[in-house]
Each structure stands twice: as C-alpha cells, then as structure tokens.
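*Asks:* build me a model:
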Amino acid sequence: MNPKILIIGACGQIGTELTQKLRKIYGTDNVIASDMRKLNVDVVNSGPFEVVNALDFNQIEHLVEEHQITDVYLMAALLSATAEKNPAFAWDLNMNSLFHVLNLAKAGKIKKVFWPSSIAVFGPTTPKENTPQYTIMEPSTVYGISKQAGERWCEYYHNIYGVDVRSIRYPGLISWSSPPGGGTTDYAVDIFHKAIEDKTYECFLSSETKMPMMYMEDAINATINIMKAPKDQIKIHSSYNLAAMSFTPTEIANEIKKHIPEFTITYEPDFRQKIADSWPASIDDREARADWNWEHKYDLAAMTKDMLDHLK
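*Replies:* I've put the predicted structure just below:
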C-alpha cells in the first residue's frame with residue numbers, strides 16, 4: 001500500500017523537488033504539499049496543496065486527519081544566514097514545528113517522520129576533515145543550535161515513545177530549479193546564475209573556504225531512500241552524516257571556466273564567512289552507506305555540467 005504523504009514546507013529549496021519526485025513515485029493524490037503561502041507554481045498546480053502554518057498544531061493535526069496521512073516530511077525551517085538575522089523566530093519555527101509533528105507521531109496519528117538536520121550541528125571545535133558521525137558538537141549559529149537540539153529530541157521521542165523518525169545531516173545543497181534559500185553554502189548556487197548572466201561573480205566567502213556539498217538530485221534520493229529503508233536498518237535516530245563532495249570557491253570557479261572560459265570571480269567575505277569557518281570541510285558518512293546503502297552519483301565535474309546545461 002502506498003503511504004499518504006504530507007510535505008510541510010513544500011515551496012522551499014528542497015521541498016519543491018522532493019514533492020515532484022514523491023508524486024512520481026507514489027502518485028499525485030498521495031502527496032499533499034503544504035506551505036505558508038502559495039509560492040511555487042509547479043508545486044501548487046501539480047497536485048493537492050494546502051496552506052498551513054508549521055507553527056499551528058491544530059492546522060497540522062487537521063490536515064493529517066483529513067488526508068489520513070501516514071508519513072510527514074517536515075522541510076519548513078529558517079536557514080543559517082537568515083536565522084542569524086532573526087534568532088527568536090528561527091528557534092520558534094525550527095523547534096516548535098518539530099514538536100508538533102513528533103507529538104502527532106507519539107499520539108499514533110503519523111507512522112513515520114522525516115526531519116532534516118544539517119552540518120550546522122557541528123562547530124569550531126569539531127574535527128574539520130572527515131568529520132565523524134559521533135564527535136564534538138558545539139554549534140555557534142542559531143540554525144546549528146536548533147538543529148542539534150532537534151536531533152536530541154528526535155532520538156528522545158524514538159527511545160521513549162517509539163516514534164519512527166528518520167533524519168540526515170544535509171551538507172550544502174546545489175540545485176538549478178530553485179533559487180538560493182538564505183544558507184551560507186548558497187554561493188555555490190548563485191555562482192552558476194551569475195556565470196551565465198554576467199560572466200563574473202563576487203563571492204561572499206574567501207577563495208579557499210572548503211565545505212561539504214551535494215547536488216540536489218543526490219539529496220532527494222537520500223531523503224526518499226532513508227524513508228523507504230526497512231525499520232531495522234535505521235540504527236541512528238538522531239541524524240545520519242551524509243556526504244558527496246567538498247570544494248572551495250576557487251575549485252568550483254575553475255570547473256565553471258572549463259565551460260565558460262571568460263568567467264571571473266572576486267572575493268568579498270561578509271558575516272557568512274564566520275559561519276562557514278565554524279563548519280566541517282569534509283564529512284565521514286560510512287554509517288549511512290553501511291546501514292541503508294546510501295551512495296551519491298554526482299561529483300563536482302558532473303554537477304557543474306548538469307547545472308550549466310539546465311540553467312542555459
């Protein structure tokens with residue numbers, strides 16, 4: 001039997017592509033998209049869509065009951081750079097939306113929950129290269145603090161109430177189909193748009209800032225595959241490390257130059273540099289690969305070609 005899926009935050013950077021993919025797999029009517037407003041035309045027009053406030057427990061409960069939802073993907077969040085400008089709202093949105101969904105699962109109204117974490121859970125004291133699954137976590141951003149707290153609550157609800165909650169720590173995500181969403185890694189999306197439009201890009205990070213990244217198609221596949229995996233294969237109920245590639249702004253610029261030789265890049269680091277410096281440079285994700293057979297498809301060269309092909 002197909003699951004009945006509710007995606008909260010379906011108009012966001014990940015939600016838009018996740019909604020389309022899930023509708024292809026499980027059928028349009030089995031995937032209810034929802035968001036604060038009707039933002040993304042494709043998501044709104046391609047199947048069932050509901051306007052919902054992720055902070056309103058009663059609205060979410062009503063949707064779950066009305067559509068007999070079994071699986072919830074909670075994608076609503078304020079991302080790193082945006083959250084720093086509005087810490088109180090970021091904490092409220094990122095934490096209380098999670099509590100609403102976990103409490104519905106605890107009450108037996110939802111069977112399975114997906115909640116995304118992030119490399120932002122790590123901090124300046126975390127080992128930067130090949131950051132292990134279990135390590136020091138002292139996040140220094142509002143986003144990271146909320147994600148680390150969320151991981152602990154996910155694990156708690158699993159251990160104490162038996163909630164089937166699944167999570168992955170996304171690295172920076174790169175997509176051609178949706179604009180940057182206010183994250184520190186978003187330079188790696190913006191750079192492609194500027195390369196095509198202006199042949200030049202001013203980067204808000206320094207040239208050698210290395211961060212873990214992933215092409216959106218890989219991230220969507222990981223998200224769907226962890227939810228498809230048999231329950232006994234999911235051994236970590238906080239959140240799984242996930243990796244594909246790591247690169248610097250210089251390296252991505254050089255890759256773009258192979259396709260657009262006249263492209264140039266300059267560097268004007270801003271407040272996001274401090275955020276980036278607190279994050280890992282590369283991630284060890286062997287647990288995800290062992291437990292539920294995660295594997296990525298795109299490296300820097302393949303991603304660059306695909307991005308430019310689509311955007312052109």
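
*Asks:* would you map the strands across the chain?
*Replies:* With strands called from DSSP state E, the chain shows them at 5-8, 31-35, 49-51, 71-74, 112-114, 117-118, 165-166, 168-170, 172-174, 200-203, 211-215, 240-241, 245-247, 264-267.

*Asks:* now these in CSV, with mean pLDDT?
*Replies:* CSV is the format used below for those (pLDDT from 0 to 100):
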stretch, mean pLDDT
strand 5-8, 98
strand 31-35, 97
strand 49-51, 96
strand 71-74, 98
strand 112-114, 98
strand 117-118, 97
strand 165-166, 98
strand 168-170, 98
strand 172-174, 93
strand 200-203, 97
strand 211-215, 97
strand 240-241, 98
strand 245-247, 98
strand 264-267, 98
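
*Asks:* closest to residue 147 out of the ones you listed?
*Replies:* Smallest distance to residue 147 across the strands of the chain (Cβ to Cβ): 4.8 Å, for strand 117-118. Placement of C-beta: from N, CA and C, glycine included.

*Asks:* how about residues contacting the closest one?
*Replies:* Contacts to strand 117-118, defined as Cβ atoms under 8 Å, 6 or more residues apart in numbering, come from residues 80, 143-144, 147, 150-151, 167-170, 238-239.

*Asks:* mean neighbour count for the strands of the chain - can I get that in JSON lines?
*Replies:* Shown next, in JSON lines, are those (neighbours: other Cβ atoms under 10 Å):
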{"stretch": "strand 5-8", "mean neighbour count": "26"}
{"stretch": "strand 31-35", "mean neighbour count": "27"}
{"stretch": "strand 49-51", "mean neighbour count": "16"}
{"stretch": "strand 71-74", "mean neighbour count": "26"}
{"stretch": "strand 112-114", "mean neighbour count": "21"}
{"stretch": "strand 117-118", "mean neighbour count": "26"}
{"stretch": "strand 165-166", "mean neighbour count": "26"}
{"stretch": "strand 168-170", "mean neighbour count": "24"}
{"stretch": "strand 172-174", "mean neighbour count": "27"}
{"stretch": "strand 200-203", "mean neighbour count": "18"}
{"stretch": "strand 211-215", "mean neighbour count": "24"}
{"stretch": "strand 240-241", "mean neighbour count": "26"}
{"stretch": "strand 245-247", "mean neighbour count": "22"}
{"stretch": "strand 264-267", "mean neighbour count": "14"}
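
*Asks:* which one of these lies closest to residue 278?
*Replies:* For these, the distance to residue 278 is smallest for strand 211-215, at 10.8 Å, taking Cβ to Cβ.

*Asks:* now stretch 185-194: buried residues?
*Replies:* Going by neighbour count (16 or more other Cβ atoms under 10 Å), the buried part of stretch 185-194 is 185-189, 191-192, 194.
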